[in-house]
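# Give me coordinates for this.
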Amino acid sequence: MSLDTQLKTALRQAQNDRDFPDFLAVHVEEVIDHMDKYLPRSADHIELLIEQIDLYETYAQTGYLGRGMTAGNVKETLKLILGPDRFSQ
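Take a look at the predicted model:
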């Protein structure tokens, strides 16, 4: 399965099942829509992004075990792919 298909699948599942934030989904969709712009330079970061979205939990790292990926984790990986200037916060 291609990286763009994997990323689309991960994003849709996270949005439908785990309340993935819209403010991040917009940036993930940009990566999907312009995958040729980011490959092959960011292939490793895109694979990491897919893994992080698959493990995304809204309240990750707030409980006893601290498992899962947070919006902050995903945002930092998106900065590596898109560039830090894309995020005002």
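# Contacts for stretch 41-48, please.
3, 7, 31, 35, 38, 39, 77, 80, 81 (C-beta atoms under 8 Å, 6 or more residues apart in numbering). To be clear about C-beta, it is placed using only N, CA and C from the backbone, and glycine gets the same treatment.
# Would you mind checking which of these is nearest to residue 17?
The closest of the contacts of stretch 41-48 to residue 17 turns out to be residue 7 (C-beta to C-beta; 15.9 Å).
# Quick check, the closest one in contact with residue 28.
Yes: using C-beta atoms under 8 Å as the test, residue 7 is close enough to residue 28 to be in contact (6.7 Å).
# residues bridging contact with the two, i.e. touching both?
Common neighbours of residue 7 and residue 28 are listed as 49, 53 (criterion: C-beta under 8 Å, 6+ apart).
# Out of those two, name the residue with the larger neighbour count.
residue 28 (25 against 21; other C-beta atoms under 10 Å).
# What residues sit buried inside the one helix or strand residue 15 maps to?
Element membership for residue 15, per DSSP states H and E: helix 3-18. Within helix 3-18, the residues that count as buried by 16 or more other C-beta atoms under 10 Å are 3, 4, 6, 7, 8, 10, 11, 14, 15.
# elements contacting that helix?
On a contact count with 3 or more C-beta pairs under 8 Å, 6 or more residues apart in numbering; DSSP states H and E, helix 3-18 meets helix 22-33, helix 35-38, helix 43-54.
# go again using 6 Å as the cut-off
On a contact count with 3 or more C-beta pairs under 6 Å, 6 or more residues apart in numbering; DSSP states H and E, helix 3-18 meets helix 22-33, helix 43-54.
# ok, residues contacting the first one?
Spelled out, that is helix 22-33. Helix 22-33 is contacted by residues 4, 7, 8, 11, 71, 74, 78, 81 when judged by C-beta atoms under 6 Å, 6 or more residues apart in numbering.
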